[in-house]
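A.B. asks: Quick one, what's the 3D model for this:
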Amino acid sequence: GNVEVGARAVSGGGEGGRIDLTVGYRPGASWLAMGQVFADAPVEGEETLKAQLTVVRFGRRGRGIQIGFRARIDGGAAEPALMVGLWSRPGD
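C.D. replies: Now for the predicted structure:
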């Protein structure tokens with residue numbers, strides 16, 4: 001699991017924040033499943049709450065490909081998105 005909290009401060013007194021929560025499960029060396037929730041309160045614009053579900057498949061060299069789905073879960077427009085990512089070790 002992982003929790004990240006961030007704060008924004010901009011000139012003129014505007015503030016905002018973000019909280020990211022990640023929970024993962026690794027059933028074997030080649031697979032990682034993750035559930036994530038992102039709460040964002042920007043300086044300008046509306047607050048959003050999004051959820052993301054992804055899986056990562058790792059190869060022999062430790063590199064992986066991530067695929068999943070993200071959408072808003074706060075009652076606003078769903079804004080669905082397909083997630084694709086590449087994973088590698090630092091320095092690769």
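A.B. asks: Kindly export the helix or strand where A7 lies (C-alpha atoms) in CSV.
C.D. replies: In this structure, A7 is located in strand 2-9 according to DSSP states H and E. Only the C-alpha atoms of strand 2-9 are listed here, as CSV (Å, rounded to 0.1, in the frame of the first residue of the first chain):
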residue,chain,number,x,y,z
ASN,A,2,1.0,3.6,-0.5
VAL,A,3,-0.5,7.0,0.5
GLU,A,4,0.7,10.3,-1.0
VAL,A,5,-0.5,13.7,0.1
GLY,A,6,0.4,16.9,-1.8
ALA,A,7,-0.3,20.6,-1.3
ARG,A,8,-0.3,23.4,-3.8
ALA,A,9,0.5,27.0,-3.0
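A.B. asks: contact partners of the worst-scoring helix or strand of the chain on mean pLDDT?
C.D. replies: Least confident element among the helices and strands of the chain, by mean pLDDT, DSSP states H and E: strand 2-9 (a mean of 82). Strand 2-9 has contacts (CB atoms under 8 Å, 6 or more residues apart in numbering) with 14-22, 24, 42-43. C-betas here are computed from N, CA, C, even on glycine.
A.B. asks: ok, then the element right after the strand holding A7?
C.D. replies: Following strand 2-9 in sequence, per DSSP H and E, is strand 15-28.
A.B. asks: buried set for that following strand?
C.D. replies: Residues of strand 15-28 classed as buried by neighbour count (16 or more other CB atoms under 10 Å): 16, 20.
A.B. asks: for stretch 37-44, same thing?
C.D. replies: Along stretch 37-44, these residues count as buried under the neighbour rule (16+ other CB under 10 Å): 38, 40-41.
A.B. asks: any idea which helix or strand carries A71?
C.D. replies: Using DSSP H and E, A71 sits within strand 64-72.
A.B. asks: neighbouring strands for that strand, and are they parallel or not?
C.D. replies: strand 48-58 (antiparallel), strand 81-87 (antiparallel) (DSSP bridges).
A.B. asks: For the ones you listed, give me JSON lines that also has mean neighbour count and distance to R8.
C.D. replies: As requested, these are exported to JSON lines (neighbours: other CB atoms under 10 Å; distance: least, CB to CB, whole Å):
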{"stretch": "strand 48-58", "mean neighbour count": "16", "distance to R8": "14"}
{"stretch": "strand 81-87", "mean neighbour count": "11", "distance to R8": "22"}
